[in-house]
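Trainee: task: produce atomic coordinates for the following.
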Amino acid sequence: METPRILIADDDKKTRDFVAAFLSYKGYLVFQAFDGQDALQKIELHDVQMVVTDIMMPRVNGLEFIRQLKSVRPEIVTIAYSAFANFEMTANLLKAGAFFYMEKPFNLEELQIVVQRGLEHQALQRKSFRSRPCIKNRALLENIIGEHEKMLSLFEMVEKVASSDSTVLIQGESGTGKELVAHAIHDLSNRATGNFVALNCAAIPDELLESELFGHVKGAFTGAVATRIGRFEMADKGTLFLDEIGDMKANLQVKLLRVLQNGELEPVGAAKSKKVDVRTIAATNQNLDQMVVSKAFREDLYYRLSVIPIMLPPLRERSSDIALLLNSFLAKFNKSKQRQVQGFDKQVLEILSNYEWPGNVRELENLVECLVILKGSGLLTIQDLPDKYRGGRPAAPRSEQIVLPDSGFCLNSAVEEFENRLILQALQKSGGNKKEAAELLNLKRTTLIEKLKKKRLVPGSTPV
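Mentor: Numbers count the residues shown, from 1 in each chain. As a prediction, this is how the structure comes out:
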């Protein structure tokens, strides 16, 4: 196993030698720099994994050094220390990207614990950065964490679709990060200088959603005391993200389709339409394929939205990313909540890695925030976990019982409906790929295609 390489940056040679001697004694390969500018040069020369730096240094001080380092080598972990820090300085250090801040003089055993946790975090981050595909600016995807093959495919997809203006439909369970993906597409696109405007269609009452989308003129309805632009106009020359698109009512679906087709909208109560230049990204946790079949969602709007479909995997399908996410959120909340939680013991990591995470990444993030606030410092153990996580996996929901009514029912129709639902679920899980869907159903690809044609279940934009 390769010996971790650490750089000590401090203009005080006595302190620098003292810290370097201690870390060398603990088995690390240690290099020294006398200020931030010297450190930036030696980092590339020695390919270090961690920097331990003083704040008060000549030429390039510690805060500016961390900012510059994070812009070019974001995977390197930095630990900052000072004898003169105040709350504002500490906040600025953590905001700049420092992994941890220590007051000087510090306890050497505490330094050893922080260094060990920092290197564990760095190893996960560095592996993730190296696994990720090359993108225009990898910092724009730093909020989407993962090294599982499904996530690497997602990163590649985001980069490819960002350069186009085509509409994107992001599907996935609640908490999988649909808005993060939409924002990444916008940030990597040529519309990045324009606005990214988000709207949750399920959070706005039906009678107000049209005005939110398209705006209204003064006097258009009771309470319209002034003309107001809608989200489409706010996003002109930028990107509009429509979350929970499956909850939109049929009458608004027609009007949304017109804007997507013609680039024209009509504010409520206006006598004429307006032109807008907006890229639309929609998202839903519902099965739009099934909604189209049941006539709950317009087929023509579905085709227009799903020009480029993206399916986000639930966290249970990429459990290898859980440790990476836990460490990332731990570092995040240690900084933002001013805590010093050192990490998770092996038993906690095993339990959380085996948990099903019905709330996906959002649930995991909320749990880590809670644990960091309540624990404050030290190592998280099984006693710190809420009761529902200690069992490893939540109880699986019971299957619906099928009860034969007294009047009887049509067996053939029930079997047909059940088969249709399984086919649509297989297509959803495979991202629309018929070959993979056929494998999930243990069918030949040609047999599945014949069934789709016969049942008229072929969704739009589904790759063969």
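
Trainee: C-alpha only now, for contacts and for neighbours.
Mentor: Fine.

Trainee: export stretch 301-319 to CSV, keeping only CA atoms.
Mentor: What follows is stretch 301-319, C-alpha atoms only, in CSV (Å, rounded to 0.1, in the frame of the first residue of the first chain):
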residue,chain,number,x,y,z
LEU,A,301,-46.4,16.3,-24.8
TYR,A,302,-44.6,13.1,-23.6
TYR,A,303,-42.9,12.8,-27.0
ARG,A,304,-41.9,16.5,-27.0
LEU,A,305,-40.5,16.3,-23.4
SER,A,306,-38.6,13.0,-23.8
VAL,A,307,-36.4,13.8,-26.7
ILE,A,308,-33.5,12.9,-24.4
PRO,A,309,-34.6,10.6,-21.6
ILE,A,310,-32.4,10.2,-18.5
MET,A,311,-33.1,7.7,-15.8
LEU,A,312,-31.5,8.2,-12.4
PRO,A,313,-30.7,5.1,-10.4
PRO,A,314,-32.1,4.7,-6.9
LEU,A,315,-29.4,4.6,-4.2
ARG,A,316,-30.1,0.9,-3.4
GLU,A,317,-28.9,0.1,-6.9
ARG,A,318,-25.5,1.8,-6.3
SER,A,319,-24.8,0.8,-2.7
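
Trainee: any low-confidence regions in the protein?
Mentor: Within the chain, the stretches with pLDDT under 70 are 1, 85, 124-142, 391-410, 413, 428, 431, 456-464.

Trainee: which residue ranges make up the domains of it?
Mentor: For the chain, the structural domains run 5-131, 138-311, 316-390, 411-455, going by automatic domain parsing.

Trainee: output those domains as TSV; include the columns mean neighbour count.
Mentor: Listed next are those as TSV, based on neighbours: other C-alpha atoms under 10 Å:
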stretch	mean neighbour count
domain 5-131	18
domain 138-311	18
domain 316-390	18
domain 411-455	15
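
Trainee: quick one, strands of this protein?
Mentor: In the chain, the strands defined using DSSP state E lie at 5-9, 29-33, 50-54, 77-82, 100-103, 168-171, 196-200, 239-243, 264-265, 274-275, 279-284, 308-311, 340-344, 377-380.

Trainee: can you list those in a markdown table and add distance to Ser319?
Mentor: As requested, those are arranged in a markdown table below (distance: least, C-alpha to C-alpha, whole Å):
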| stretch | distance to Ser319 |
| --- | --- |
| strand 5-9 | 29 |
| strand 29-33 | 33 |
| strand 50-54 | 27 |
| strand 77-82 | 24 |
| strand 100-103 | 27 |
| strand 168-171 | 19 |
| strand 196-200 | 28 |
| strand 239-243 | 26 |
| strand 264-265 | 44 |
| strand 274-275 | 46 |
| strand 279-284 | 23 |
| strand 308-311 | 17 |
| strand 340-344 | 16 |
| strand 377-380 | 20 |
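
Trainee: among the ones you listed, which comes closest to Ile43?
Mentor: strand 5-9 (7.4 Å; C-alpha to C-alpha).

Trainee: what's the angle between the closest one and strand 29-33?
Mentor: An angle of 30 degrees separates the directions of strand 5-9 and strand 29-33 when computed by axes from the mean of the first three to the mean of the last three C-alpha atoms, to 10 degrees.

Trainee: return the list of strands paired to strand 5-9, each annotated with direction.
Mentor: According to DSSP bridges, strand 5-9 has the following sheet partners: strand 29-33 (parallel), strand 50-54 (parallel).

Trainee: run the chain-centre distance for that strand.
Mentor: Counting by C-alpha atoms, centre = their mean, to the nearest Å, strand 5-9 is centred 31 Å from the centre of its parent chain.

Trainee: need the residues that contact it.
Mentor: Applying C-alpha atoms under 8 Å, 6 or more residues apart in numbering, the contact partners of strand 5-9 are 16, 19-20, 28-36, 39, 43, 46-54.

Trainee: cool, and stretch 243-257?
Mentor: 179, 198-202, 206, 210, 282-286, 288, 296-298, 300-301, 304.

Trainee: could you save the strands paired with strand 5-9 as TSV and add columns showing distance to Ile170?
Mentor: As requested, the strands paired with strand 5-9 are arranged in TSV below (distance: least, C-alpha to C-alpha, whole Å):
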stretch	distance to Ile170
strand 29-33	46
strand 50-54	37
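
Trainee: any idea which of the ones you listed gets closest to Leu427?
Mentor: strand 50-54 (45.1 Å).

Trainee: put the alpha carbons of the closest one into PDB.
Mentor: Taking C-alpha atoms only, strand 50-54 is exported to PDB below (Å, rounded to 0.1, in the frame of the first residue of the first chain):
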ATOM      1  CA  MET A  50      -3.200  16.300   1.900                       C
ATOM      2  CA  VAL A  51      -1.900  19.800   2.900                       C
ATOM      3  CA  VAL A  52      -1.700  21.000   6.500                       C
ATOM      4  CA  THR A  53      -1.300  24.700   6.400                       C
ATOM      5  CA  ASP A  54      -0.900  27.700   8.600                       C
END
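
Trainee: quick one: distance of that strand to the chain centre.
Mentor: For strand 50-54, the distance to the chain centre is 29 Å (C-alpha atoms, centre = their mean).

Trainee: what do you get for stretch 252-267?
Mentor: That offset, for stretch 252-267, works out to 29 Å (C-alpha atoms, centre = their mean).

Trainee: please apply the same query to stretch 92-101.
Mentor: Centre-to-centre, stretch 92-101 and its host chain are 21 Å apart (C-alpha atoms, centre = their mean).

Trainee: who touches that stretch?
Mentor: Residues beyond stretch 92-101 that count as contacts (C-alpha under 8 Å, 6+ apart) turn out to be 63, 66-67, 70, 77-81, 90, 114, 118, 331, 335-336.

Trainee: try 7 Å this time
Mentor: For stretch 92-101, the surrounding residues in contact (C-alpha atoms under 7 Å, 6 or more residues apart in numbering) are 63, 66-67, 70, 77-81, 331, 335.

Trainee: before I go, just wanted to say thanks for your time.
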